[in-house]
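with the sequence up front, the predicted model follows.
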Amino acid sequence: METNDELKHLQLENKKLRREVKRLEKNTELLRIANEQAARTQAYIRKDSMRQAFYNDQLLKTSPYLLMLTNAELTTVMTSDVFFAYTDAFTKEMIERGVPLRDAMAAILAGDDLEKLLQKCEEAVQGMDVEPYLLRTFIDGEKTDWHITIKRMIDNNVNVGINILFVDMTEIVDAMERAEEADRAKSNFLANMSHEIRTPMNAISGMTEFILRDSSDEVAKRHATMIKSASKTLLAIINDILDFSKIESGKMELIEDTYQMASLINDVAVMTEIRLAKKPVKLKSEIDPDIPNLLIGDEVRLKQILINLLGNAVKFTNHGEITLKMGSEKVDDSQCRITVAVSDTGIGIRESDLGSIFSSFTQVDTKRNRSVEGTGLGLAISQRLIRMMGGTIQVESVYGKGTTFSFDILSRVESWERVGKIEERIHNVTETAFQVNFSAPDARILVVDDNEMNLDVVEGILAPYDIKIVRALSGAESMVKFSQQEFDIIFMDHMMPVMDGVEAMKKIRKMPGGKETAIIALTANALSGAAMEYKALGFQDFLAKPIEPQDMDRILRRYLPEEIIQPVDETALSSSKSAPETVVGMPAVASTEVAIDIEKGLKYCMGNKKFYRKMLKAFAQNEKIRDLETLFGAKDWDNYRIAVHSVKGNALTIGAVSISEHAKALEFAVKEDRIPYIEENHAAFLVEYRTIVEALRGGFYQDE
Ligand code: ADP
């Protein structure tokens, strides 16, 4: 029984052992497989990292960019081969073994450039972001423009170093500079040429004017008329090109000053009506009376935009009407947005052309518009000017039906006084005399001018205001008068012999009370920008001669102390001082041989016939014929210039436009040192001048 049990036990043990052997055998196989797998993986990794190293190596060898890697101590670890094109002080092995970055970079950069780079590398290592930058270096006299990028390298949140990338931008920068230079040269050329062309153009139009005036040959006159019209067109084109090149080269600046919106609207409307005279097209204006009248901005440029849009409307409309619509919105206490729309019932613009009409030198539909003049610059210039004024321009058009251009600009407001009902005024510009609606009997004004007639003019314009006026005939006299009493305003002529207006103004400024007194320059050289110039010289403001009553009114309102201004009852007014005067009853001096534009003259005298007569008389009595002859004989050009300058102003005041123009031409000839011109034209000018003076003397102003 015992042996039987023992056998059973042994059999069981045996079975267990066999199972164990089998398990071990299985494990060994598993291990073998695992081993094999590991070996294969290792081989793969070895191969892969060799491949990676190969690629890295290739990258560094073939990269056109200079790449430098360092560790966190700013010691080199690697570079692209381009580096060795700049130096043979190092080998690849040296860089990989580690060279201080300062030493390595000294191969490319020196002085401040090197210090700046190292500084930025330090910053990058410390974890700061470094902006890429451009650097120009001269290596062995050769210029290189680098674009440099410095980046920190991070591994597991630890700074392991930086990489620096130098990209050679020399060619691109050179090309860019060449393009900019060419563009500048082009703009300069255009600006210079336009200027150069303008000078001879002046001579052409001036001479044509003389032919028209002096020639009795009808054919010559007809040709001269054509020359005149062609030179006008040419001048307009030149002005466009000049403006455009100025805008393109960034030289266009807006010249801001106070202006009256009502007078601007009036001017453009009148001009448009003149252009429309020969067409069966009507101009309609819808002007919101709430538009503020006194604005601060570039009046000349705004006018240019309006004239361009209205001019296009006139050009492209053969029947129907043109509408000028204007409005405004208050932006804040000192600014408003002016909105303008110019619509026409003209030929319209094809939809496919609408996109390109604001591009420069673009004229669309050229087949149909062949006979229409233009440069294709007008809209491009307008659009850019509008942008400079803080607005945009849009166009809507139906081909064959008509077009609407609308734009807006942001404008500063000098006063919120409204333009009022302007439409009525537009159509009878010449008839309405300016109405004075306040008086200032306590105001004191000093008027300084070497020319008595100018003093009369200022006095005449100031008469309805009841102001006390003191006259001075020279700068020196003005100083004496100023030392004797206080004045609210001094009107100071600019051009005076011995001491001119600027000098006198400066001297008065230094006298007690001189700083506080408003000194206004009187000038016949009222180009745009004049206000700024006079203000820069030290005047508070300026008034252009011939003085417009509205401008005088504006100056008085602005510079007289408020407490001495007394409003005048308007009903009382219309029955007395400013009763509309008619031209009827004026003797016909405006015959062909004596060219005086009575309407114009009367306008400068506020429609006051009596005052106008006085001015005509003063013109004849203060004639400068003798003086001019003596000065011409003595070749005393400085004083000759002053003399013709005053004839220019006086003649315009009485409406003797042609005399005024010729005096102006002579004045400019002295200014530009063109003595032969004076020698040629002096005699003819005196004949014309004398004719008028004699006609006036012989005549009508005595029969008051
Ligand atoms: P241009 O000096 O030649 O008139 P613009 O830039 O002022 O140049 O105008 C460009 C073109 O746009 C014009 O030549 C014309 O083809 C088109 N255009 C402008 N205004 C109008 C309009 N009111 N009606 C029809 N076409 C117009």
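Right, received. Where do you want to start?

can you read off the pLDDT for M586?
Note for M586: predicted pLDDT of 36.

cool, V342 as well?
Looking at V342, its pLDDT reads 97.

sticking with it, tell me its helix or strand.
Assessed by DSSP states H and E, V342 sits inside strand 335-344.

any idea which helix or strand comes after that strand?
Note on strand 335-344: by DSSP H and E, the next helix or strand toward the C-terminus is helix 351-354.

hmm, that following helix touching the ligand?
No: using CB under 6 Å from any ligand atom, helix 351-354 stays clear of the ligand, with a minimum separation of 7.3 Å. Just so you know, the C-beta spots here come from the backbone N, C-alpha and C atoms, and that holds for glycine as well.

run through who's touching the following helix or strand past that helix.
The C-terminal neighbour of helix 351-354 among helices and strands, as given by DSSP H and E, is helix 378-388. Helix 378-388 is contacted from outside by 240, 243-244, 247, 252, 254, 301, 304-305, 308-309, 311-312, 357-362, 392-393, 407-409, using CB atoms under 8 Å, 6 or more residues apart in numbering.

buried only: go through those for me.
240, 243-244, 247, 252, 301, 304-305, 308-309, 311-312, 357-358, 360, 362, 393, 407-409 (16 or more other CB atoms under 10 Å).

got the buried residues for the lengthiest strand in the chain?
Ranked by number of residues, the top strand in the chain under DSSP state E is strand 402-418. When burial is assessed from 16+ other CB under 10 Å, strand 402-418 yields the following buried residues: 402-409, 411, 413-414, 418.

same thing with stretch 467-485?
Neighbour-count burial for stretch 467-485 [16+ other CB under 10 Å]: 467, 469-475, 477-479, 481-482.

show me which of the residues you listed is closest to Y65.
The shortest approach to Y65 among the buried residues of stretch 467-485 belongs to G475, at 71.9 Å (CB to CB).

how far is the helix or strand harbouring R18 from where the chain is centred?
Taking DSSP H and E as the definition, one finds R18 inside helix 2-62. Put simply, helix 2-62 sits 86 Å off its chain's centre (CA atoms, centre = their mean, to the nearest Å).

and the next helix or strand past that helix?
Downstream of helix 2-62 (by DSSP H and E), the next one is strand 66-71.

taking helix 2-62 as reference, get the angle to that next one.
Relative orientation of strand 66-71 versus helix 2-62 (axes from the mean of the first three to the mean of the last three CA atoms, to 10 degrees): 140 degrees.

partners of strand 66-71, with directions?
Looking at strand 66-71 with DSSP bridges, its partner strands are strand 76-79 (antiparallel), strand 158-168 (antiparallel).

and the strand holding V342, what does it pack onto?
For strand 335-344, the elements it packs on are strand 292-297, helix 299-315, strand 320-332, strand 402-418, judged by 3 or more CB pairs under 8 Å, 6 or more residues apart in numbering; DSSP states H and E.

so what secondary structure elements neighbour the second one?
When contacts are defined as 3+ CB pairs under 8 Å, 6+ apart, helix 299-315 sits against helix 261-276, strand 320-332, strand 335-344, helix 378-388, strand 402-418.

with distance to the ligand added, can I get these in TSV?
Listed next are the helices and strands packed on helix 299-315 as TSV, based on distance: least, CB to the nearest ligand atom, whole Å:
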stretch	distance to the ligand
helix 261-276	13
strand 320-332	9
strand 335-344	5
helix 378-388	3
strand 402-418	4
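
closest one to A34 among the ones you listed?
Taking CB to CB, helix 378-388 is the member of the helices and strands packed on helix 299-315 nearest to A34, at 76.5 Å.

before we move on, back to that, N192 is nearest to which of the helices and strands packed on helix 299-315?
Among these, helix 378-388 comes nearest to N192, with 18.8 Å by CB to CB.

next one: that closest one to chain centre, how far?
On CA atoms, centre = their mean, the centre of helix 378-388 falls 10 Å from the chain's centre.

checking G127 next. Helix, strand or coil?
Following DSSP: H, G, I helix; E, B strand; the rest coil, we place G127 in the coil state.

change the start of the numbering to 370 and stick with it
From this message on, residue numbering opens at 370, which makes the last subject G496.

which residues does it contact?
G496 makes contact with 521, 528 under the criterion CB under 8 Å, 6+ apart.

ramachandran angles for it?
Note on G496: backbone dihedrals following degrees, to the nearest 10 are phi 100, psi 10.

quick check: bridge partners of I889?
Taking DSSP bridges as the rule, I889 bridges to F860, D910.

that one contacts G907, doesn't it?
No: with contact defined as CB atoms under 8 Å, I889 does not count as touching G907 (11.6 Å).

which of the two has more neighbours?
Neighbour count, other CB atoms under 10 Å: between I889 and G907, I889 has more, with 23 against 14.

separation between that one and A841?
When distance is defined by CB to CB, to the nearest Å, I889 is 14 Å away from A841.

and what of K770?
Between K770 and A841 the computed distance is 63 Å (CB to CB).

what separates the first and last residues of stretch 805-817, distance-wise?
Stretch 805-817 has an end-to-end distance of 23 Å (criterion: CA to CA, to the nearest Å).

ok, now stretch 981-998?
As for stretch 981-998, its first-to-last residue distance stands at 28 Å under the measure CA to CA.

flag every buried residue along that stretch.
Those would be 981-989, 991-993, 996-997, for stretch 981-998 by 16+ other CB under 10 Å.

adding pLDDT, write these out as a markdown table.
A markdown table is the format used below for the buried residues of stretch 981-998 (pLDDT from 0 to 100):
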| residue | pLDDT |
| --- | --- |
| Y981 | 80 |
| R982 | 80 |
| K983 | 78 |
| M984 | 82 |
| L985 | 84 |
| K986 | 81 |
| A987 | 81 |
| F988 | 85 |
| A989 | 83 |
| N991 | 78 |
| E992 | 83 |
| K993 | 86 |
| D996 | 88 |
| L997 | 91 |
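
tell me which other helices or strands the longest strand of the chain touches.
Here strand 771-787 touches strand 661-666, helix 668-684, strand 704-713, helix 747-757, strand 762-767, going by 3+ CB pairs under 8 Å, 6+ apart.
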